[in-house]
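Novice: requesting a structural model of the entry that follows:
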Amino acid sequence: MEYTHRWATSTVKLTKVLYAGAYHGIVPQELAHVGEFLTHAVLKPR
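Specialist: Prediction:
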């Protein structure tokens, strides 16, 4: 994860979050963060 984080931060604006208990699944907190991102970055008022 650290290698990927270092690579990605040199390429994109990245926020690193570790979702406890997610393992290889998706947790509600992660979905909420995706929704916040989409609202802010994609659906932002013009």
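Novice: by contact count, what packs against the helix ranked longest in the chain?
Specialist: In the chain, taking DSSP state H as the definition, the longest helix is helix 28-37. If you count contacts as 3 or more CB pairs under 8 Å, 6 or more residues apart in numbering; DSSP states H and E, helix 28-37 packs onto no helix or strand. For glycine as for every other residue, the C-beta is placed from the backbone atoms N, C-alpha and C.
Novice: now do that helix, average pLDDT.
Specialist: The predicted model gives helix 28-37 an average pLDDT of 93.
Novice: tell me the pLDDT at Tyr23?
Specialist: 88.
Novice: for the remainder of this discussion, apply numbering that starts at 14.
Specialist: Sure thing, new numbering starts at 14, so read that last one as Tyr36.
Novice: tally of neighbours for it?
Specialist: By the measure other CB atoms under 10 Å, the count of residues near Tyr36 is 8.
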